[in-house]
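Novice: Below is the sequence, then the predicted model.
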2 protein chains.
Amino acid sequence: MRTAALALAAVLFAPDPSAFASEAAFATADLKTAAYLRDLANGGSSAYDIVESITTEVGPRMAGSEADPRAVAWAEAKFRELGFDRVWTEAVTFPRWRRGAEQAQVLAPYPQPLHITALGLSVGSNGPIEAEVVAFADLAALSAAPAGSLDGKIAFIANRMTRSRDGKGYGPAVGARSRGASEAASRGALALLIRSIGTDHDRLPHTGALQYAEGNDAPLRIPAAALSNPDADLLANMIRRGQPVRLRLNIDAGVVGAATSYNVIGEITGSKYPEQVVIIGGHLDSWDLGTGAIDDGAGVAITMAAGALIGDLKTPPDRSIRVVAFANEEQGLFGGKAYAERHQAEIGQHIIGAESDFGAGRIYALRAGVSGAAQPQIAAIGAVLEPLGITVENEGGGPGPDLIAMAGGGMAWAQLAQDGSDYFDYHHTANDTLDKIDPRALDQQVAAYAVLAYLAAQADGGFGSAAKPGAP
Amino acid sequence: MRTAALALAAVLFAPDPSAFASEAAFATADLKTAAYLRDLANGGSSAYDIVESITTEVGPRMAGSEADPRAVAWAEAKFRELGFDRVWTEAVTFPRWRRGAEQAQVLAPYPQPLHITALGLSVGSNGPIEAEVVAFADLAALSAAPAGSLDGKIAFIANRMTRSRDGKGYGPAVGARSRGASEAASRGALALLIRSIGTDHDRLPHTGALQYAEGNDAPLRIPAAALSNPDADLLANMIRRGQPVRLRLNIDAGVVGAATSYNVIGEITGSKYPEQVVIIGGHLDSWDLGTGAIDDGAGVAITMAAGALIGDLKTPPDRSIRVVAFANEEQGLFGGKAYAERHQAEIGQHIIGAESDFGAGRIYALRAGVSGAAQPQIAAIGAVLEPLGITVENEGGGPGPDLIAMAGGGMAWAQLAQDGSDYFDYHHTANDTLDKIDPRALDQQVAAYAVLAYLAAQADGGFGSAAKPGAP
């Protein structure tokens, strides 16, 4: 229905969609302000300096690590420095996972080291494991292996992720990471190795959280790690020669107790409806291997910079702009869930939300999950974004991982879809560093978020946010 | 003079250089055979399988490591498998350098780990060093610092290598690696860090040998390591903020006694002048971080494959083709020097030599260091290479590192110059793996080496090799 409505709108607006949409949805002054914000940000924003700051001054900031509180302090200080009206934190608790030393090597027939990294939340190996490796083309092939067929073996899932602009190769590949360990364990395996869920050819393995099966029937929790893609090639080439390939794995990792971190929130307070909120943000935590530049220093920086630009306007927006640097996205969306739990009574006041968590590539599309009545607003926002190379798409998309819980509860959402063609070259690796970011691409994104947030704050009527009946 | 002669030849041959050069320098049948070898190899050679074999079955093979004898055994077996007429080894001795654990981290004001790797032949740090870091733009800036100005400090040389097809950015940059440690030590430094001598943006530091100053006045030997390029950016960004940056370095490395390895030699025996030798090759050792695919599995594979193709001809070549997999190039050209010492009396019988040690990129030029009288032969060889996209260049070039000693003694040389645009992205890093090699580019190189070696073996007269008066 949403699609049909928008298709109709597109026909009506065809001669001059911008002008028509403007009249339909926004005051001319607001559209002018939005265009001003767009051009100001696109000509040079503070986002690169912000992501340079967090990567340099904090660097890796895995949830629950000693760097996590430093990241929280950094975010609070940065919101204040950028002139946000209100800055506060909201506590988030989660299991504390730690990574120690991790080593792998081929023992026979072709001894040489392999580059691995433990998957997030993996247990350790309790000392070295030495065993033969058995390769599977993908998770489905592993899942088709009979019970007991991997007794005493190390399972290896060799599937490759494919590259695409929208990251659609990730979904089919990532099951090996998230579910492979329990699938392998239920067939007797001592440990799991996977080919990295990534599109690069670098000797830098990709971490990322796994999920062990839960419940009384759940198999043993076995250690799981990713090989870098060149190492996965190497191991496959060894196995193809036909002799048994024996490995030694030694992984020191595990969950030890619980940790508390914080969603850090900066708000530009609205002048007319301060209790109504446009929520944008990214996640503050990163994996421990890189410096968290593209995942998700960029998202935090883009949305902080966009919020600050709106805060710098002479006239405050009608509604409040809330920028959230979410805690612990990587290990299970803890920050987003905590936010939704705490703010569930205010779902209807979160008039729309959008998260930036797909790297630092340029935005090419606006997608939205809003009421039919709000489609003209989306089209009008799209018209202001159009000079940035952004087009409205009527299908697909989502609110971003940390807003899934809010959107699930009934919050309207928008997505500023980024070009993620190279995102999975660096994602969750040591290579997630500042040099992977093009400052001009960040500016384009700040421009888009500023337009979206500002116009959402000025829109006549909302976008359809309303607590769903039956939602918690 | 060489240039002038070739320029004249070019004018004379202008209407049909190939045909005229043919008559001048080579029998028509030999040119036909060379063209056959070229087209056969270029259509698909064994080189990729050979480099796949050494990277998979041996992998890292640092000189003096436990893998070194396995590499020697691999090379002997591979020459035999490829049908070489004679296969033998010649001993090479050198200091045995070992790398242990290596760690670096920023202690203050922005604690985070740094990715480093010790430079080859570096001493260890004898436990952790904690000190402030002092940055220099390049080696010249460090060398201009007063004596004592680095007392108790860690020196950091930040110069960047520039990318080019012929690798000309390497020379100006590499002094920081080779001479920086002694320059820093003579000014009181406790340790040296350098930006990697490489053109990539990967979190994988580049190793490579250093040379400590020798003699009674030589400064203390201090540990030296390379930061990955993203880490060098990070450290520079920290230092630029103005507060003292303190690091902890812990490097376990050092020379322990001596080791013996072997030049491994395969020969296709000539039918008319078996004692006259065309020598081609690469080096068998690699650094320990990668699997030695482009440096120099490719060179070994290309020249082995080219030699084997000539060996497969129904009629053997007039002269012998000798393919050498040199021992320990990386730590000081030990294999090449040992070869020259052992064969110094036979310089005049080594009628020409060419080494492949610049990665796996396509060949674009033939350069030569030969007598004026041999220029028509070079032009004629160039004419056969021309369909491969290779042109004769009248200036520059060299024989390759392992043939420097032979060329210095008076051996004529040729260079098949490769496109090294991406060579220094991977060189001396963990990222030197098989996936960086394009099999079709290897085939082109096998074709070129087969043409060069075959025609050199058939040439009327030599290329000017003669022991230099006064050479050892």
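Specialist: Structure received. Residues are numbered from 1 along each chain as shown, chains lettered A, B, ... in the order given.
Novice: A:E341 - that's part of a helix, no?
Specialist: Yes. Remark: A:E341 belongs to a helix, assigned using DSSP: H, G, I helix; E, B strand; the rest coil.
Novice: if I look at it, how far off is B:D231?
Specialist: 39 Å (CB to CB, to the nearest Å). (C-beta placed from N, C-alpha, C; glycine too.)
Novice: Report the secondary structure state of A:I279.
Specialist: Following three-state DSSP, we place A:I279 in the strand state.
Novice: Is it correct that it is in contact with A:A405?
Specialist: No. Under the criterion of CB atoms under 8 Å, A:I279 makes no contact with A:A405, lying 11.9 Å away.
Novice: higher neighbour count, those two?
Specialist: Set side by side, A:I279 and A:A405 show more neighbours around A:I279, with 29 against 22, by other CB atoms under 10 Å in any protein chain shown.
Novice: show me the contacts for the more buried one.
Specialist: Residues near A:I279 by CB atoms under 8 Å, 6 or more residues apart in numbering or on different chains: A:322-324, A:350, A:352-354, A:403, A:406, A:411.
Novice: Need the nearest residue in space to it, chain neighbours excluded.
Specialist: Spatial nearest neighbour of A:I279, excluding adjacent residues (CB to CB, 6 or more residues apart in numbering or on different chains): A:G353 at 4.1 Å.
Novice: Need the residues that contact stretch A:302-314.
Specialist: With CB under 8 Å, 6+ apart as the test, stretch A:302-314 has contacts from A:33, A:37, A:40-41, A:45-47, A:50, A:78-79, A:82-85, A:266, A:268, A:280-282, A:317, A:321, A:323, A:325, A:355-356, A:442, A:445-446, A:449-450, A:453-454, A:457.
Novice: Checking my notes, A:A258 in a helix, right?
Specialist: No. Judged by three-state DSSP, A:A258 forms no part of a helix; its state is strand.
Novice: Residue numbers of chain A in contact with chain B?
Specialist: A:52, A:55-60, A:67, A:109-113, A:115, A:201-204, A:229-230, A:233-234, A:237-238, A:241, A:290-291, A:429-431, A:433-436 (CB under 8 Å from any CB of the partner chain).
Novice: Cross these against helices and list the overlap.
Specialist: A:52, A:55-57, A:229-230, A:233-234, A:237-238 (DSSP state H).
Novice: Using TSV, please lay out those together with pLDDT and neighbour count.
Specialist: Formatted as TSV, these follow (pLDDT from 0 to 100; neighbours: other CB atoms under 10 Å in any protein chain shown):
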residue	pLDDT	neighbour count
A:E52	98	19
A:T55	98	31
A:T56	98	22
A:E57	98	19
A:N229	98	26
A:P230	98	28
A:D233	98	21
A:L234	98	26
A:N237	98	16
A:M238	98	22
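Novice: Which one of these is nearest to A:S149?
Specialist: A:M238 (20.5 Å; CB to CB).
Novice: mind listing what that closest one touches?
Specialist: A:M238 makes contact with A:106, A:109-110, A:245, B:56, according to CB under 8 Å, 6+ apart.
Novice: What of A:Y262?
Specialist: Going by CB under 8 Å, 6+ apart, the list of residues near A:Y262 reads A:72, A:89-92, A:327.
Novice: Please settle this for me: is it part of a strand?
Specialist: Yes. Inclusion of A:Y262 in a strand is indicated when three-state DSSP is applied.
Novice: who's in contact with the most centrally placed residue in chain A?
Specialist: When chain A is reduced to its mean C-alpha position, the nearest residue by CA atoms, centre = their mean turns out to be A:D357, at 3.7 Å. For A:D357, the contact set (CB under 8 Å, 6+ apart) comprises A:282-283, A:295-296, A:299, A:329, A:400-402.
Novice: next one: A:L385
Specialist: Neighbours of A:L385 in contact, by CB under 8 Å, 6+ apart: A:38, A:363, A:366, A:448, A:451-452.
Novice: farthest pair in these?
Specialist: Distances among the contacts of A:L385 were taken as CB to CB; the most separated pair is A:R38 and A:L366, at 12.8 Å.
Novice: Just want to know which of these two has more residues nearby.
Specialist: Per other CB under 10 Å, whichever of A:R38 and A:L366 has more neighbours is A:L366, with 26 against 22.
Novice: sorry, back to before: in ChimeraX, how would I select the buried members of the contacts of stretch A:302-314?
Specialist: In ChimeraX syntax, the buried subset of the contacts of stretch A:302-314 is picked out as below (16 or more other CB atoms under 10 Å in any protein chain shown):
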select /A:33,37,40,41,45,46,47,50,78,79,82,84,266,268,280,281,282,317,321,323,325,355,356,442,445,446,449,450,453,454,457
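Novice: So which of the contacts of A:Y262 wins on neighbours?
Specialist: Top of the contacts of A:Y262 by neighbour number is A:A327, holding 33 neighbours under the definition other CB under 10 Å.
Novice: Tell me how far it lies from chain B.
Specialist: To chain B, A:A327 is 19 Å away according to CB to the nearest CB, to the nearest Å.
Novice: which helices and strands sit right next to the strand or helix carrying A:R179?
Specialist: Mapping A:R179 onto the secondary structure by DSSP states H and E places it in helix A:170-185. Counting contacts by 3 or more CB pairs under 8 Å, 6 or more residues apart in numbering or on different chains; DSSP states H and E, helix A:170-185 is packed against helix A:139-143, strand A:154-157, strand A:191-195, strand A:224-227.
Novice: rerun at 10 Å
Specialist: strand A:129-136, helix A:139-143, strand A:154-157, strand A:191-195, strand A:224-227, helix A:423-426 (3 or more CB pairs under 10 Å, 6 or more residues apart in numbering or on different chains; DSSP states H and E).
Novice: before we move on, back to that, is it possible to mark the buried ones in the residues of chain A next to chain B?
Specialist: Buried positions within the residues of chain A next to chain B, assessed by neighbour count (16+ other CB under 10 Å), are A:52, A:55-60, A:67, A:110-113, A:115, A:201-204, A:229-230, A:233-234, A:237-238, A:290-291, A:429-431, A:433-436.
Novice: does A:L107 sit in a helix, a strand or a coil?
Specialist: Assignment for A:L107 (three-state DSSP): strand.
Novice: got the contact list for the closest residue to it other than its chain neighbours?
Specialist: Among residues not flanking A:L107 along the chain, A:R246 sits closest, at 4.4 Å (CB to CB, 6+ apart). A:R246 sits next to A:105-109, A:111, A:130-133, A:154 when contact means CB atoms under 10 Å, 6 or more residues apart in numbering or on different chains.
Novice: Over to A:S228?
Specialist: Taking CB under 10 Å, 6+ apart as the test, what A:S228 contacts is A:114-117, A:195-196, A:198, A:200-206, A:234, A:429, B:430-431, B:433.
Novice: Now list whatever residues contact both of A:I279 and A:A405.
Specialist: In contact with both A:I279 and A:A405: A:339, A:343, A:399, A:411, using CB under 10 Å, 6+ apart.
Novice: ok, of these, which one's closest to chain B?
Specialist: Nearest to chain B, judged by CB to the nearest CB, of these is A:Y339 at 27.5 Å.
Novice: and the closest residue to that closest one other than its chain neighbours, what are its bridge partners?
Specialist: Nearest-residue entry for A:Y339: A:N263, 5.6 Å, with adjacent residues in sequence omitted and distances by CB to CB, 6+ apart. With DSSP bridges as the criterion, A:N263 is bridged to A:E90.
Novice: from memory A:N263 sits against A:R342, does it?
Specialist: Yes. Between A:N263 and A:R342 there is a contact under CB atoms under 10 Å: 8.6 Å.
Novice: Can you pull the residues that touch both of the two?
Specialist: Joint contacts of A:N263 and A:R342 (CB under 10 Å, 6+ apart) are A:90-92.
Novice: before we move on, back to that, sitting in helices, which of the contacts of A:D357 do you find?
Specialist: In this view, the contacts of A:D357 that belong to helices under DSSP H are A:G299.
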